[in-house]
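A structural model of the following input is requested.
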Amino acid sequence: MPEHTELLERLKDQRPAAWEQLPDFALYMDQVLSYMDRQVLPYGEDDALTASMVNNYTKSGLVPRAEGKKYNKEHLAYLTGICVLKHVLSTKDMDLLIREELGGGGRTVEDGYAAFCDSLDRALAAISAEMESRPEEEHLADAAIHFALLSYAAGMASNRYISLLKAEKGILPEDGRKKKKAK
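You can find the predicted model right below:
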């Protein structure tokens, strides 16, 4: 299917910059937005990060406050995670995972970002390999449903791990009911 060749090549080759490759100087908002356009694969046509989105992520605590009006490597790491995860997680779950991954559990933001990038690399490589294994004469609908089902299965696994993490952290279920102790 030549229609998917461009995406396949990008899934194979395009990755967020490693920590060491992130700019070692502070960026202004317009520079951050431009940088983030190159940092992550776009999910859809209207997927660009905007200044108001960054401001909202900052207000909600997902991203640390800018130093003056400048953003550093740490901000870029957080924004990279958010730009990827916002398509598959609720804001609450994304907040929990980003806090845990980027600096949680005694981990530095640099180490958490490296783990995030490694996991993203493995996921993108697995999907590109799966795309390559599909028969060329396959109907587009068959391919689309196959990948939707992979997404469904991955979402189930992610939700289970998030539930386990919430239980580990003592976070109550979203409906507010406390779990009853067995007698």
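
for residue 134, see how far away residue 148 is.
Residue 148 sits 14 Å away from residue 134 when distances are taken as C-beta to C-beta, to the nearest Å. C-beta: built from backbone N, CA, C; applies to glycine.

likewise residue 156?
Using C-beta to C-beta, we find residue 156 at a distance of 22 Å from residue 134.

ok, residue 11 next?
Using C-beta to C-beta, we find residue 11 at a distance of 13 Å from residue 134.

try residue 13
Counting by C-beta to C-beta, the gap from residue 13 to residue 134 is 19 Å.

neighbour count: those two, which is higher?
Neighbours per residue (other C-beta atoms under 10 Å) separate residue 13 from residue 134, with residue 134 holding more: 14 against 9.

the closest residue in space to that one that isn't next to it in sequence: helix or strand, and which one exactly?
Leaving out its chain neighbours, the residue that sits closest to residue 134 by C-beta to C-beta, 6 or more residues apart in numbering is residue 143, at 5.6 Å. In this structure, residue 143 sits in helix 140-169 according to DSSP states H and E.

which other helices and strands contact that helix?
Contact analysis of helix 140-169 by 3 or more C-beta pairs under 8 Å, 6 or more residues apart in numbering; DSSP states H and E lists helix 91-101, helix 109-133 as its packing neighbours.

pick out the shakiest of the ones you listed, pLDDT-wise.
Here the lowest mean pLDDT among those goes to helix 91-101, at a mean of 89.

what comes up buried for that one?
93-101 (16 or more other C-beta atoms under 10 Å).

nearest to residue 34, of those?
Minimum distance to residue 34 across these is 22.2 Å, recorded for residue 98 (C-beta to C-beta).

surely that closest one meets residue 62?
Yes - between residue 98 and residue 62 there is a contact at 6.3 Å, judged by C-beta atoms under 8 Å.

name the residues contacting each of the two.
Each of 78, 82 lies in contact with both residue 98 and residue 62 under the rule C-beta atoms under 8 Å, 6 or more residues apart in numbering.

with that, I have no additional questions.
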